[in-house]
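Participant: this one's structure only:
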């Protein structure tokens, strides 16, 4: 069997997806970074796992999507996962509403997951939008950061979907399923089942 | 509000990094100063810490009572670092991020609710829906060369620190640390509130 990793995620709204895609192209063209995610639209990930109990998973996500309204997320600058292989991303602020949805998804979906990545657990989650996932060295680091550090990244992004991605970082990446949230923007952004 | 009770010097409610992680931050500051030519970061931020909130001033007696009570009701916990972050734009801040886990977010929200009426011109970046908990390691003015030098150093380090959160501290603005840094505000810890629970 081929090994598959699933990412349960949300795509960004059109305008901000365009901004992120343009930023990734700029980083790739000017700094020659590798590991720029390309085939899957810009997104942020709620949970990752090796597999799910599909009927239970599908029903749970459908129910949660149907009962939630479109909501905003906010970015707050640039982040780096540091270490041997640094990665650059846009930081997403963990608001009470975002955390509420994340906790709900975690509670409902974790029991039907196999091999869940605990980096996405509520106690560890660092929500983010990836810009560069690999290929950063001491020699080329400054190029990308010089490009980013004087720009404002205080965006409000509208989230109207959940998606299930297959192997989001591989050439075999694909979108397995997509769910829409209710189209109205909630004045009471705290609707959580 | 009784203006006789207002402290004009309170800058922030923080948790100070004591012990090894405080030393790690001080080592980074020293390294930035020596290797990157960053001018006197110790004067800009002499106490390794993360901030829960900041304001121009507070009703200090009332603040003391609220923070004392909240600290007494809170059990110590830990919070994990999450790498390096940058508040970008016209005023650059380079920081070590903290995971906004449930105990941290809940305590922050309670502190915000209980103290917001006591603050004059609170900094709204510390609102629970905007707060990005962090440990500042460098702030503007930084030229591109210094920024590149700092980031070349920290990007390849591993920050998997579990930081004990066992107190609040009030930090006040004070006189400059030295003549060389007279334009940079010097911070001074005024009072510490140990958690009980």
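Facilitator: The structure has been received and is ready for your questions. Keep in mind it's a predicted model, so treat the numbers as computed, not measured.

Participant: alpha carbons only for contacts and neighbour counts from here, please
Facilitator: OK.

Participant: contacting residues around residue A:90?
Facilitator: Neighbouring residues of residue A:90 by CA atoms under 8 Å, 6 or more residues apart in numbering or on different chains: A:75-79, A:128-131, A:153.

Participant: Give me the secondary structure label for residue B:135.
Facilitator: strand (DSSP: H, G, I helix; E, B strand; the rest coil).

Participant: And the pLDDT for it?
Facilitator: Listed pLDDT for residue B:135 reads 95.

Participant: burial of it, as a residue count?
Facilitator: Counted with other CA atoms under 10 Å in any protein chain shown, residues neighbouring residue B:135 total 23.

Participant: how near is it to chain A?
Facilitator: Distance of residue B:135 to chain A, computed by CA to the nearest CA, to the nearest Å: 13 Å.

Participant: what's across from that residue in the sheet?
Facilitator: Taking DSSP bridges as the rule, residue B:135 bridges to residue B:96.

Participant: Can you name the helix or strand that the closest residue to residue B:189 other than its chain neighbours falls in?
Facilitator: Nearest residue to residue B:189 in three dimensions, chain neighbours excluded: residue B:171, at 4.4 Å (CA to CA, 6 or more residues apart in numbering or on different chains). Here residue B:171, judged by DSSP states H and E, is contained in strand B:167-174.

Participant: Ok, residue A:75 next?
Facilitator: strand A:69-81.

Participant: of the contacts of residue A:90, closest to residue B:114?
Facilitator: Distance to residue B:114 across those (CA to CA) is lowest for residue A:76, with 25.4 Å.

Participant: Chain A contacts on chain B?
Facilitator: Residues of chain B found near chain A (CA under 8 Å from any CA of the partner chain) are B:80, B:82-90, B:92, B:99-102, B:128-132, B:144, B:148, B:151-152, B:154-159.

Participant: do that again at 6 Å, thanks
Facilitator: Within chain B, the positions adjacent to chain A are B:83-90, B:101, B:129, B:148, B:152, B:155-158 by CA under 6 Å from any CA of the partner chain.

Participant: Is the most centrally placed residue in chain A bridged to anything, and to what?
Facilitator: Nearest to the mean C-alpha position of chain A, by CA atoms, centre = their mean, lies residue A:44 at 1.0 Å. For residue A:44, the beta-bridge partners under DSSP bridges are residue A:10.

Participant: Could you find the closest non-adjacent residue to residue B:25?
Facilitator: Closest residue in space to residue B:25, ignoring its immediate chain neighbours: residue B:48 at 6.3 Å, by CA to CA, 6+ apart.

Participant: Would you list the phi and psi of that neighbour?
Facilitator: With angles defined as degrees, to the nearest 10, residue B:48 sits at phi -60, psi 130.

Participant: Would you mind measuring from it to residue A:128?
Facilitator: 26 Å (CA to CA, to the nearest Å).

Participant: Then residue B:29?
Facilitator: 27 Å.

Participant: Compare these two and say which is more crowded by neighbours.
Facilitator: Shown here are residue B:29 and residue A:128; by other CA under 10 Å, residue B:29 has more neighbours (25 against 22).

Participant: and the helix or strand containing the more buried one, which residues are buried?
Facilitator: Using DSSP H and E, residue B:29 sits within helix B:19-36. For helix B:19-36, burial by neighbour count (16 or more other CA atoms under 10 Å in any protein chain shown) applies to B:21-22, B:25-26, B:28-30, B:32-33, B:36.

Participant: could you show me where the strands are in chain A, in order?
Facilitator: Secondary structure of chain A by DSSP state E: the strands cover A:6-11, A:43-49, A:51-52, A:69-81, A:87-92, A:113-114, A:128-132, A:156-159, A:161-166, A:174-180, A:182-185.

Participant: Alright, calling it a day.
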